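Novice: With the sequence up front, the predicted model follows.
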Amino acid sequence: MVSGSLALLFLLIAVAVIIVLTGRLKVHAFLVLIGVAFVYGMAIGIPGLDVIKLVKSGFGGTLTNIGIVIVVGTIMGTILEETGAALAMTESILKLVGKKRAPLAMNIAGYVVSIPVFCDSGYVILNPLNKALAKESGTSMSVMAVALATGLYATHVMVPPTPGPLAAAAALNADLGKVIVFGVLVAIPAALAGLLWATKVAKKYYIEPDVSESYSDIVKKYGKLPSTALSFLPIVVPLLLIFMKTVAEYPTKPFGKEGFQKLLSFLGDPVVALIIGMCFALLLVRKGEFKTAISDWMSKGIKDSAIILVITAAGGSFGAILAKSPIADFIKTNMTALPLGVLLPFIISAALKTAQGSSTVAIVTTSGIIAPMLATLGLDPALTVIAIGAGAMVVSHANDSYFWVVSQFSNMPVNTAYKVYTSATAAEGVVAMICVTILSFFM
């Protein structure tokens, strides 16, 4: 096998290849990650048959850990979209903060909705409401767009069961309950940083909201929206169960070692918790639409999850190869003295995100790179997941599909989007990383 320094050089080349193929040439990330896993493994001197075994085990192991969770979570998100529950949650937030604080309302709505729903989908779902509120409140669409987009982005990259942080938690063997707690906490100042950027910077660029429906028309289109409590349950219940599992398995065993503790450990397993959440989501379905929900909506969720699954599992293959490389020993010998700490995963993730565009690819790839050296660096696994997520926000620009969703659905010129939205994601990611650094002092 090659030396650690040469393996690191090959890794930098591999990352550059991933960036060029996925970002510039638009080759699908699954093909790129699998191909790079094979080539990198052979290049560092792992025997061919062992490379095949590692690619298979990395792919299968990732699916074993998070495959069902991703599928069930995507189905749940589809049901929340189709039943109008996402709008019901937004409407309840709007009533709480008032129409005069429409940007804050949409920022909070984005924060909540993006926990089970991909940020791209969440923006499309909430965009008509966002435009209607911009018109009704006399707020520039640039302000509303950035407020909503950054709210969605914060939880998308840092709070499971979104696939990116979920995959990172699995790769780093991080306690999922801790990841959720840290993610929820750090995502709050991150989202608020985006809101502040919207109200202070984006307001300088006025964009007239292009609306054909009023706020009330949009709500009426769904008929009677589900109740607020029922709409929030599919999100709150799984997160609470996963958190209670973490508490139950704490070394002090606050609930004992039998009976209730084992029940909480069972219910708080991500697979079980998300299935329970999906069952609560089905309570949102109207009687006449139940057959459609079971067949069409669930099928749509399963199809949508397929792309996420193959990219995440391919990242697992690359991670398995990296785990067998001599990079960890090289880092231990040469880099542990550098005062980077939790900044290292942030920097790697930010570089990948900025260069190739996909937050999920950046998170999956970075977690694969960091996993073999986590113990050497002395980093807390849960905080490292959040640091990687923070990096995966810096920055969203033209090579990111979300950039185009935000700009095009908001009628925002590209040059304006760079000034108000791309800059906002940089501020959001940096604020998130500052919060992670502060938390690291107490860990």
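Specialist: Here it is on my side, so go on. Residues are numbered from 1 along each chain as shown.

Novice: mind listing what Ser325 touches?
Specialist: Neighbouring residues of Ser325 by CB atoms under 8 Å, 6 or more residues apart in numbering: Met1, Ala7, Leu11, Tyr40, Ile44, Ile46, Pro372. To be clear about C-beta, it is placed using only N, CA and C from the backbone, and glycine gets the same treatment.

Novice: For Met8, pull up the helix or strand it's in.
Specialist: Actually, residue 8 is Leu. It isn't Met. Assigned by DSSP states H and E, Leu8 belongs to helix 4-19.

Novice: thought Pro161 was touching Gly73?
Specialist: Yes: with contact defined as CB atoms under 8 Å, Pro161 counts as touching Gly73 (4.2 Å).

Novice: if we can go back for a sec, let's see if you can find the most crowded of the contacts of Ser325.
Specialist: Using other CB atoms under 10 Å as the neighbour criterion, Ile44 leads the contacts of Ser325 with 24 neighbours.

Novice: And that residue, its phi and psi?
Specialist: Per-residue torsions, Ile44: phi -90, psi 0 (degrees, to the nearest 10).

Novice: contacting residues for it?
Specialist: With contacts defined as CB under 8 Å, 6+ apart, Ile44 is in contact with Met1, Val2, Leu6, Ala7, Phe10, Ser325, Pro326.

Novice: Helix, strand, or coil at the second one?
Specialist: Taking DSSP: H, G, I helix; E, B strand; the rest coil as the rule, one finds Val2 in the coil state.

Novice: wait, it sits on Pro326?
Specialist: Yes: here Val2 reaches Pro326: they are 7.1 Å apart, a contact under CB under 8 Å.

Novice: Comparing those two, which shows the higher neighbour count?
Specialist: Pro326 (18 against 15).

Novice: In this structure the more buried one contacts Ser3, no?
Specialist: Yes: with contact defined as CB under 8 Å, Pro326 reaches Ser3; the gap is 6.7 Å.

Novice: Just give the nearest non-adjacent residue to Gly223, would you?
Specialist: Once flanking residues are discounted, Gly223 sits nearest to Gly84: 7.7 Å by CB to CB, 6 or more residues apart in numbering.

Novice: Can you get me a residue count around that neighbour?
Specialist: By other CB under 10 Å, the residues close to Gly84 number 23.

Novice: what do you get for Met443?
Specialist: When neighbours are defined as other CB under 10 Å, Met443 has 12 of them.

Novice: next one: Ala16
Specialist: Neighbours of Ala16 under the rule other CB under 10 Å: 12.

Novice: how close does it get to Gln356?
Specialist: Distance, Ala16 to Gln356, using CB to CB, to the nearest Å: 10 Å.

Novice: One more: Val414?
Specialist: Look at Val414 and Gln356: by CB to CB, they are 19 Å apart.

Novice: Pick out whichever of these two has more residues nearby.
Specialist: Set Val414 next to Gln356 and count neighbours by other CB under 10 Å: Gln356 wins out with 23 against 14.

Novice: Identify the residue spatially nearest to the more buried one, adjacent ones excluded.
Specialist: Nearest-residue entry for Gln356: Gly23, 3.9 Å, with adjacent residues in sequence omitted and distances by CB to CB, 6+ apart.

Novice: just Ser401 next, same as before
Specialist: Nearest residue to Ser401 in three dimensions, chain neighbours excluded: Asp120, at 6.3 Å (CB to CB, 6+ apart).

Novice: In which helix or strand does that neighbour reside?
Specialist: Using DSSP H and E, Asp120 falls in helix 119-137.

Novice: Just the buried residues of that helix, please?
Specialist: Across helix 119-137, burial judged by 16 or more other CB atoms under 10 Å covers 119-123, 125-135, 137.

Novice: What segments of the stretch 1-150 of the chain are helices?
Specialist: With DSSP state H, counting those that start in this stretch as the criterion, the stretch 1-150 of the chain has helices at 4-19, 29-43, 48-82, 85-97, 102-113, 119-137, 141-158.

Novice: My read is that Ala86 contacts Gly122, right?
Specialist: Yes: Ala86 is within contact range of Gly122, at 7.3 Å (criterion: CB under 8 Å).

Novice: anything in contact with each of these two?
Specialist: Taking CB under 8 Å, 6+ apart as the contact rule, Ala86 and Gly122 both touch Val113.

Novice: Just the residues contacting the host helix or strand of Thr416, thanks.
Specialist: Thr416 is located in helix 414-417, with elements delineated by DSSP H and E. Helix 414-417 has contacts (CB under 8 Å, 6+ apart) with Ser142, Tyr205, Ile207, Ala398, Phe403, Val406, Ser407.

Novice: what do you get if the cut-off is 6 Å, keeping everything else the same?
Specialist: Outside helix 414-417, the residues that touch it by CB atoms under 6 Å, 6 or more residues apart in numbering are Tyr205, Ser407.

Novice: And stretch 16-26, by the same measure?
Specialist: Residues outside stretch 16-26 that contact it (CB under 6 Å, 6+ apart) are Val27, Ala29, Val32, Val36, Ala355, Gln356, Gly357, Asn399.
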